[in-house]
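> Got a predicted structure here, sequence first:
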Amino acid sequence: MFTVADILREKGDQVWTVGRSAVVGDAVELMADKNVGAVVVVGDDGKPVGIISERDIARALLKRSSGIRETPVADIMTKLVKSIRETLSMQEVMAVMTHNRFRHLPVSRDGQLAGLVSIGDVVKAEIQERGVVIDQLEHYIAGSL
């Protein structure tokens, strides 16, 4: 069974962050530069206080058609931050994402930010895990196990 730790081992534990005083333009530039769909907003202590995603930015554009680049990320970020542990299975992560309608979840280790998992990461891990199970079943049926 794949876990969050397996995802982080494969993709790495790099988390792109901005401070809560950053503006949306800074967050957009970072997301574009790093080719990611969200960045974690951290407080002065380095702990997550929110997440700003492409979805948050798109919604803010509908409300404020001008001046969005200079808007503080704290004004439009998703403030409910739910961190997950590395030991969670893909099924558990999918349940958290579905129940809370999150597409990105910070991963915590010993109270510190240890990674970020996206819905795309979870889908990729599920596909890999199913491929392993299919291979095992094919070998079992063929009698080669």
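The structure has been received and is ready for your questions. These numbers were taken from a predicted model, which means no experiment stands behind them.
> how about the helices of the protein, start to end?
Taking DSSP state H as the test, the helices found in the chain are 4-11, 24-34, 54-63, 73-76, 90-100, 119-142.
> so which of the ones you listed is the most packed in?
helix 73-76 (a mean of 20; mean count of other Cβ atoms under 10 Å). (C-beta placed from N, C-alpha, C; glycine too.)
> re earlier: relative to residue 106, which of the helices of the chain is closest?
helix 4-11 (10.7 Å; Cβ to Cβ).
> Which other helices and strands does that closest one contact?
strand 112-118, helix 119-142 (3 or more Cβ pairs under 8 Å, 6 or more residues apart in numbering; DSSP states H and E).
> List the contacts of the nearest residue to residue 100 once chain neighbours are set aside.
Closest residue to residue 100 apart from its sequence neighbours, by Cβ to Cβ, 6 or more residues apart in numbering: residue 82 at 6.1 Å. Residues in contact with residue 82, defined by Cβ atoms under 8 Å, 6 or more residues apart in numbering, are 96, 100, 102, 105.
> quick one: the second one and residue 80 touch, right?
Think residue 100. Yes: the pair residue 100 and residue 80 qualifies as a contact (Cβ atoms under 8 Å) at a distance of 7.4 Å.
> is the residue positioned nearest the centre of the chain in a bridge, and if so with what?
The centroid of the chain falls nearest to residue 104 when counting by Cα atoms, centre = their mean (2.9 Å). Note on residue 104: beta-bridge partners residue 118, judged by DSSP bridges.
> got it, and residue 18?
residue 41.
> pLDDT score for residue 67?
Listed pLDDT for residue 67 reads 83.
> related to what we said a few turns ago, lowest average pLDDT across the helices and strands packed on helix 4-11?
helix 119-142 (a mean of 79).
> Just the residues contacting that helix, thanks.
1-2, 6-7, 11, 90, 93-94, 97, 103-104, 145.
> quick one: it to chain centroid distance?
Centroid separation for helix 119-142 versus its chain: 22 Å, with Cα atoms, centre = their mean, to the nearest Å.
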